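Student: just to be clear, the model below is a prediction. Sequence and coordinates:
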Amino acid sequence: MTTLPRPRRMLTATTAVGLGAVGALALAGCAGPGAAGASADAPRVVATTTQVGDFARELAGDEAEVTQLLSPGQSAHGFDPSAAQLLALSDADALVVNGAGLESWLDDAVEASGFDGVLIDASTGIELYGTDDHEHETDDSGHDDESSSEHESEDPAAGSAADHDGHDHGDGNPHIWTDPELAEHMVENIAHGLAEVPGIDADAVEANETAYLEQLDALDEWIAENVEQVPVADRLLVTNHDAFTYFVDAYDITFVGSIIPSFDDNAEPSAAEIDDLVAKIRDTGVKAVFSEASISPKAAETIGAESGATVYSGPDALYGDSLGAAGSDGESYLGSQVHNARLILESWGVEPSPLPAALQG
């Protein structure tokens with residue numbers, strides 16, 4: 001598969017840099033589990049979101065204790081850290097963030113906590129879509145070499161908490177993890193950053209990185225092969241908010257619209273915006289409206305009732321801003337992506353193929 005050039009604004013950072021302007025998300029959630037086999041004196045790594053928390057645990061293995069600040073099901077927008085979370089941050093040897101403007105309140109939290117460790121920005125080197133870039137038209141799909149190179153992180157190195165001051169990703173869409181290829185770049189950035197943390201075995205991180213990247217490659221290929229079964233004109237998607245821009249670009253899907261026409265899932269659609277989306281659904285023949293696991297399905301159900309489209313909610317909601325609770329399909333990044341792809345494919349009338357061996361078990 002190939003992909004068209006993507007008209008995005010370049011908003012990049014260094015992979016592991018100072019804490020200054022990474023964003024607000026990191027300290028809002030709750031502490032997640034650390035590495036099961038990490039020793040009591042292992043380096044302490046704090047991760048902001050459920051996605052980068054999952055990546056960090058996969059990469060660190062037993063080499064570090066990983067604390068995740070956002071709980072499963074929590075939105076990545078508009079949180080404030082608790083005193084306990086500020087304490088965890090103050091004691092951390094490294095902080096892993098999504099970056100790309102998602103954690104817009106992180107600067108204040110870092111200043112309040114006094115964190116002075118290694119900051120690892122997973123968004124390093126990734127070009128971001130701007131506010132309206134999801135309203136593009138494509139006539140080809142997938143990931144070609146040109147697209148892959150434009151996402152490469154040029155300098156995936158660790159830095160101190162003072163190096164990132166003044167950096168602003170705030171004008172772009174931060175939901176970069178929804179494209180598995182971009183998730184690979186996030187993982188590479190995190191791995192390079194963790195390898196620079198004192199006390200972490202770089203060789204062990206590299207081995208974990210290699211194994212996990214193989215799984216991400218398998219995921220990307222599995223999604224692409226299944227999406228190719230659907231005529232491009234029939235690849236239509238309506239979601240709860242603008243979280244899937246990179247996913248629709250990666251697989252040549254037409255994004256008809258979102259219930260909340262914003263990157264921020266705390267926003268509310270107006271009556272006019274709801275009417276406009278209902279009209280688009282009717283005009284395009286969209287058959288499904290997808291709610292998200294971390295967002296109330298009420299507005300989606302209203303739009304489904306007015307448009308006649310089937311609403312996917314509850315256990316059939318998509319995992320967007322957050323991964324799911326333990327035991328759910330979305331408890332890991334890989335599981336969440338398989339869950340999302342299966343439901344979208346089924347809404348198009350496609351029975352997904354069996355998972356490749358790399359994604360089983």
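Tutor: Sure, I can see it.
Student: okay, now Asp283: neighbour count?
Tutor: 9 (other Cβ atoms under 10 Å). (C-beta placed from N, C-alpha, C; glycine too.)
Student: how about the one 4 residues further on?
Tutor: When counting by other Cβ under 10 Å, one arrives at 16 neighbours for Lys287.
Student: likewise for Asp203?
Tutor: As a burial measure, Asp203 scores 10 neighbours (other Cβ under 10 Å).
Student: Ala38 looks like it's in a strand, true?
Tutor: No - applying DSSP: H, G, I helix; E, B strand; the rest coil, one finds Ala38 to be coil, outside a strand.
Student: surely it and Arg57 touch.
Tutor: No - using Cβ atoms under 8 Å, Ala38 is not in contact with Arg57; the gap is 9.9 Å.
Student: got any residues that touch both of those two?
Tutor: With contacts taken as Cβ atoms under 8 Å, 6 or more residues apart in numbering, the residues that reach both Ala38 and Arg57 are Val66.
Student: could you give the number of residues near Gly314?
Tutor: Residues lying near Gly314 (other Cβ under 10 Å) number 9.
Student: pLDDT score assigned to the residue lying closest to it once chain neighbours are set aside?
Tutor: Nearest residue to Gly314, sequence neighbours excluded (Cβ to Cβ, 6 or more residues apart in numbering): Pro297, at 7.2 Å. For Pro297, the pLDDT comes out at 89.
Student: and stretch 310-328, what's buried?
Tutor: 311-313, 316-324, 328 (16 or more other Cβ atoms under 10 Å).
Student: just curious, which of the residues you listed is nearest to Asp283?
Tutor: Within the buried residues of stretch 310-328, proximity to Asp283 (Cβ to Cβ) peaks at Val311, which comes in at 18.6 Å.
Student: now that closest one, what's its secondary structure?
Tutor: Classification of Val311 by three-state DSSP places it in strand.
Student: so what's it bridging to?
Tutor: Val289 (DSSP bridges).
Student: check the offset of the helix or strand containing Ile303 from the chain's centre.
Tutor: Using DSSP states H and E, the element containing Ile303 is helix 298-307. Between the mean C-alpha location of helix 298-307 and the chain-wide mean there is a distance of 26 Å, by Cα atoms, centre = their mean, to the nearest Å.
Student: buried set for it?
Tutor: Applying a neighbour-count criterion of 16+ other Cβ under 10 Å, one finds Ala299, Ala300, Thr302, Ile303, Gly304, Ser307 buried in helix 298-307.
Student: if we can go back for a sec, tell me who's in contact with the residue nearest to Gly314.
Tutor: Ser291, Val311, Ser313, Gly314, Ala317.
Student: how close does it get to Ile253?
Tutor: Here Pro297 is placed at a distance of 21 Å from Ile253 (Cβ to Cβ, to the nearest Å).
Student: circling back to that earlier point, for the helix holding Ile303, packing partners?
Tutor: If contacts are counted by 3 or more Cβ pairs under 8 Å, 6 or more residues apart in numbering; DSSP states H and E, helix 298-307 sits against strand 236-241, strand 254-260, helix 271-284, strand 288-290, strand 310-312.
Student: got TSV for these, with distance to Gln68 too?
Tutor: Converted to TSV, the helices and strands packed on helix 298-307 look like this (distance: least, Cβ to Cβ, whole Å):
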stretch	distance to Gln68
strand 236-241	22
strand 254-260	25
helix 271-284	34
strand 288-290	25
strand 310-312	27
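Student: of all these, which lies closest to Asn226?
Tutor: With Cβ to Cβ as the criterion, Asn226 lies closest to strand 236-241 of the helices and strands packed on helix 298-307, at 14.4 Å.
Student: let me know whether Asp359 touches Glu221 as I believe.
Tutor: You called it Asp, but residue 359 is Leu. No - contact criterion Cβ under 8 Å: Leu359 and Glu221 do not qualify, at 10.1 Å.
Student: what about the helices in this structure?
Tutor: Remark: helices assigned in the chain by DSSP state H are 50-60, 83-91, 106-113, 145-150, 180-195, 202-227, 245-250, 271-284, 298-307, 333-347.
Student: run the chain-centre distance for the second one.
Tutor: The chain centre lies 24 Å from the centre of helix 83-91; the measure is Cα atoms, centre = their mean.
Student: the longest one too?
Tutor: Between the mean C-alpha location of helix 202-227 and the chain-wide mean there is a distance of 16 Å, by Cα atoms, centre = their mean.
Student: now it: mean pLDDT?
Tutor: The model assigns helix 202-227 a mean pLDDT of 98.
Student: buried residues of it, list them for me.
Tutor: Buried residues in helix 202-227, counted by 16+ other Cβ under 10 Å: 204-205, 208-209, 212, 215-216, 218-224, 226-227.
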